[in-house]
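> Here is my input, please return the structure:
(2 chains)
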Amino acid sequence: MSERKVATARRRLFATTRYHAIGLFISLLFVAPIAWSALVSFKPSAEAARPPLPPWPVEGLSTQSYENLAKYGVGIWTYAGNSLTVAAATVVVTVIISLLAGYGFSRFKFPLKNVLFVLIISTVMIPFQSILTPLFLILTRLGLQNTLPGIVLIYVTLHLPFSIFMMRNAFDAVPKEIEDAARVDGASVFLMLRRVMLPLVLPGVATVAIFAFLASWNEFLAALILLTDQKKYTLPVMMAAVRSGQFGTIDWGAVQSGVMLMMAPCLALFLLLQRYYIRGLTAGAVK
Amino acid sequence: MTAQATLPFPSAGRRGARLRRKQLAGLLFVAPAVLLVAVFFLVPLGMAFWMSLHNWPLLGRPRFIGLDNYLNLMSDQRFWNAMRFTLYYTVVVTIAIFAVAFPLALFAEKARPMIKVYRTAIFLPVVVGFGSASLLWAWLMNVDVGLFSPLALKLGLTEKPVNLLARFDTTFWSIIVMVVWKTAGFNMIILLTGLQGISSEVQEAARIDGASSWQRFRRITLPLMRRTIALALILSVAGSVLAFDQFYIIADGGPQNSTITAVYWIFSQSFVSFRLGYGAAMSMVLLAILVTISVVQLRLLRTPEGV
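Below is the predicted model of the structure:
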């Protein structure tokens, strides 16, 4: 090898090393708090009540923090169950309603179609925080204040603009010929939607479902206001109470186990379905 | 779908009936969505305005008081403090997020080995909730059992434990760091799509013409990124104006009520003091600000020049 070639190779090696060093360092910065909290949640209580240096458990692994967490209020599994129920119901209802609406807006002509579409989409401009007071009163009037179905309806409504936008785009992308072929074969409107269209728009459904799940699982303010009975609390509301010491002195180990319980489904869902998440992000934000 | 069969269309011929039936089907498909948006968005929006014209306690009769709530707002020092703080926070956090996210996007742009792993790591905090992130950072910031104060002691940076939550500036900047940590990945992805939208031929042509990498950045990348940058900034402004979770969970508005945001103040007036009408009036002011931002956003994104 000539000297010049050696020099180029060396420079390239240096550049690669520097790139990975920077990459690893940045990645560490972003992942460290999560990892740190995870490690603390597996320390014995006494150790979790001390500063987390070193971050890993030195007195052995323990699920004590999780056991302590389980005892708060009416039991953490009730709260986790509330959160899961709310999130699952929000996903199902959002998917069904936005699937129907997306199909309607994409494939049918009817009076006021564009007005209604713009009306729904433009609600993204209005922050739900500004209508919380009347929402509280409306839910009370409907007998849905302080109920899980009530909060599900609010969450579904919040997700509709994004979800309908996604689903309409998904249906728009399906060639008309496919439908025509099915129609010639005599498929009814509903059969067509279920058998022919649904499989083709599944990626859109996945995106809508992920966003609905993450947002409703993590939502805090509306749940804090609308769920007043302690038994109805979702995890974020419950954990805020644990953190503020409403259940006695603050057990920081238990708080970290709660953080893990809240984060785990989000992280898992994202890592498994990244593609659909990023697709929704770029479609929703950039277009 | 039984309803459509029983609906009479006396004047329509066979073709007309089919057409109307199809129209009706379309309406039925969108009806649930329209209904939900009407009941849980449009009605409350109208109500919020109506309520803002009333003295509206939680219990007892609302009393119409016209614009009094708005007039009272004018002289409510705590409302303006919350507004001023929200504005200050919005400006600082938006700049901070951008200052971190843009270099990250430049770093993560090229397809290189491991790049997907690095991107994913940077993005992870985005998918955890603000609630979880706030709880996590409340612990990190805790003076006794957290990380920062004991770490600073151990490294010899301070001699006494530092209670970050005891002072406004340390609380504020810690929360800024937390929000940057939590949202930089989101902004990185937005900016990344913008960067990847710039054709590599343009960059290549400039390189051949002898433009240095700084010149290419200044003269090609930045101008072509204007719309994307505007979008990232506007999204982060809109999000920050509505900040609540982190200030409620980490600092509870403290120290000395110095970190109370607009939404926090609306929350506390409406649902702690139960001055629902007054809270609604504040909501309307906040809404006006947000709609203004959205309109500016649409304008900026529509004009070809961008920012």
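> can you give me the strands in the stretch 1-150 of chain B?
B:54-55, B:63-64 (DSSP state E, counting those that start in this stretch).
> Any part of the first one near chain A?
Same thing as strand B:54-55. No - contact of strand B:54-55 with chain A is not found when judged by Cβ under 8 Å from any Cβ of the partner chain; the minimum separation is 11.2 Å. Placement of C-beta: from N, CA and C, glycine included.
> next one: that strand to chain centre, how far?
Offset of strand B:54-55 from its chain centre (Cα atoms, centre = their mean, to the nearest Å): 30 Å.
> strands paired with that strand, and their directions?
When pairs are called by DSSP bridges, strand B:54-55 turns out to pair with strand B:63-64 (antiparallel).
> what does the partner strand rub up against?
For strand B:63-64, the external contacting residues (Cβ atoms under 8 Å, 6 or more residues apart in numbering or on different chains) are B:53-56.
> returning to what we had before: which of the strands of the stretch 1-150 of chain B is buried the deepest?
Stretch with highest mean neighbour count among these: strand B:54-55 (a mean of 18; mean count of other Cβ atoms under 10 Å in any protein chain shown).
> In chain A, where's the longest helix?
Scanning chain A for the helix with the most residues, using DSSP state H, yields helix A:3-41.
> Compute the distance from the centre of that one to the centre of its chain.
In terms of Cα atoms, centre = their mean, the centre of helix A:3-41 is found 30 Å from the chain centre.
> Where does pLDDT dip in the stretch 201-307 of chain B?
B:302-307 (pLDDT under 70).
> Would you state the helices of it in chain order?
Applying DSSP state H, counting those that start in this stretch to the stretch 201-307 of chain B gives helices spanning B:213-216, B:222-241, B:245-246, B:262-271, B:276-302.
> who does the second one touch, helix- and strand-wise?
Spelled out, it's helix B:222-241. helix A:252-286, helix B:77-109, helix B:168-197, helix B:276-302 (3 or more Cβ pairs under 8 Å, 6 or more residues apart in numbering or on different chains; DSSP states H and E).
> circling back to that earlier point, go through the contacts of strand B:63-64 and say which is closest to A:Gly280.
B:Trp56 (38.4 Å; Cβ to Cβ).
> Spatially nearest residue to the closest one (excluding sequence neighbours)?
B:Gly277 (3.5 Å; Cβ to Cβ, 6 or more residues apart in numbering or on different chains).
> about what we covered before: immediately after the longest helix of chain A, which helix or strand?
Counting by DSSP states H and E, the next helix or strand C-terminal to helix A:3-41 is helix A:45-48.
> chain center to that following helix: distance?
For helix A:45-48 - counting by Cα atoms, centre = their mean - the centre lies 31 Å from the chain centre.
> Apart from its neighbours in sequence, what residue is nearest the residue in the stretch 51-200 of chain B positioned nearest to chain A?
Ranked by Cβ to the nearest Cβ, the top residue of the stretch 51-200 of chain B for proximity to chain A is B:Gly129, at 2.6 Å. Distance criterion Cβ to Cβ, 6+ apart; nearest residue to B:Gly129, sequence neighbours excluded, is A:Asn218 at 2.6 Å.
> One more: A:Leu100?
Excluding the flanking residues, the one nearest A:Leu100 by Cβ to Cβ, 6+ apart is B:Phe29, at 4.7 Å.
> And the pLDDT at the one you found?
The confidence metric pLDDT takes the value 95 at B:Phe29.
> Same check on A:Ala70?
93.
> count of neighbours near the closest residue to it other than its chain neighbours?
In space, and not counting its chain neighbours, A:Ala70 is closest to A:Ile76: 4.8 Å by Cβ to Cβ, 6+ apart. By other Cβ atoms under 10 Å in any protein chain shown, the residues close to A:Ile76 number 23.
> what's residue 238 in contact with, if anything?
Reading this off chain A. A:72-73, A:76, A:79, A:258.
> The chain in question should be chain B.
Going by Cβ under 8 Å, 6+ apart, B:Ala238 touches A:127, B:290, B:293-294, B:297.
> hmm, try it at 7 Å
By Cβ atoms under 7 Å, 6 or more residues apart in numbering or on different chains, the contact set of B:Ala238 is B:290, B:293.
> picking up where we left off before, so the residue nearest to B:Trp56 sits right up against B:Ala48, yeah?
No - B:Gly277 is beyond contact range of B:Ala48, at 9.9 Å (criterion: Cβ atoms under 7 Å).
> what is in contact with the two at once?
Joint contacts of B:Gly277 and B:Ala48 (Cβ under 7 Å, 6+ apart) do not exist.
> which bits of the stretch 201-307 of chain B sit near chain A?
With Cβ under 7 Å from any Cβ of the partner chain as the criterion, the stretch 201-307 of chain B comes near chain A at residues B:231, B:235, B:242, B:244-245, B:249, B:263, B:270-271, B:276, B:279-280, B:283, B:286-287, B:290-291, B:294.
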